[in-house]
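Student: please work out how this folds:
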Amino acid sequence: QVQLVESGGGLVQAGGSLELSCAASGRAFADYAKGWFRQVPGKEREFVAAIRWSTTLYADSVRGRFTISMDNASNTMSLQMNGLKSEDTAVYYCAADSSFNQLRTGTNIDYWGQGIQVTVSS
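Tutor: As a prediction, this is how the structure comes out:
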């Protein structure tokens, strides 16, 4: 069993930066594919970024602005978000799955965090 807890969300002006963290407890988090998703009211949850060991993947909408990373020593995954735009406003969720390909789909994911709000004011 893996428990995921997000932190670091909040309100930021457009063009600013935020760093989200996802702290994991339970089974060896390093063995899982991990990622970030986001959701706005009335829309489906969308993929943002994923990481497994040295492999990373980004949605086109965030590539070049967001950076996903993993600190295996502290069992913490991070998402550094720079150049934030109003359209980045959403609830952000961290997730973990034994399959990198499964994680990318966002469906039937093994573990989800509770979500954290990110609001970008224009």
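Student: who's the most centrally placed residue in the chain bridged to?
Tutor: In the chain, the C-alpha nearest the mean C-alpha coordinate belongs to Trp36, at 2.2 Å (CA atoms, centre = their mean). On the basis of DSSP bridges, Trp36 is bridged to Ala49, Cys94.
Student: ok, it - contacts?
Tutor: Leu20, Cys22, Val48, Ala49, Ala50, Ile68, Met77, Leu79, Tyr92, Tyr93, Cys94, Ala95 (CB atoms under 8 Å, 6 or more residues apart in numbering). (Each C-beta comes from the backbone N, C-alpha and C, glycine too.)
Student: how about low-confidence regions in this structure?
Tutor: Residue ranges of the chain with pLDDT under 70: 27.
Student: strands of the chain, start to end?
Tutor: Applying DSSP state E to the chain gives strands spanning 2-7, 10-13, 18-26, 33-39, 46-52, 55-58, 66-71, 76-81, 90-97, 111-112, 116-121.
Student: who wins for proximity to Thr105 among these?
Tutor: Of all the strands of the chain, strand 46-52 sits nearest to Thr105, with 8.0 Å by CB to CB.
Student: returning to what we had before: can I have the buried ones of the contacts of Trp36 as a PyMOL selection?
Tutor: Applying 16 or more other CB atoms under 10 Å to these, the buried members can be selected in PyMOL as follows:
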select buried, resi 20+22+48+49+50+68+77+79+92+93+94+95
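Student: could I get the contacts of Trp36 as JSON lines with distance to Glu6?
Tutor: Converted to JSON lines, those look like this (distance: CB to CB, whole Å):
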{"residue": "Leu20", "distance to Glu6": "6"}
{"residue": "Cys22", "distance to Glu6": "5"}
{"residue": "Val48", "distance to Glu6": "12"}
{"residue": "Ala49", "distance to Glu6": "14"}
{"residue": "Ala50", "distance to Glu6": "15"}
{"residue": "Ile68", "distance to Glu6": "13"}
{"residue": "Met77", "distance to Glu6": "10"}
{"residue": "Leu79", "distance to Glu6": "9"}
{"residue": "Tyr92", "distance to Glu6": "7"}
{"residue": "Tyr93", "distance to Glu6": "7"}
{"residue": "Cys94", "distance to Glu6": "5"}
{"residue": "Ala95", "distance to Glu6": "10"}
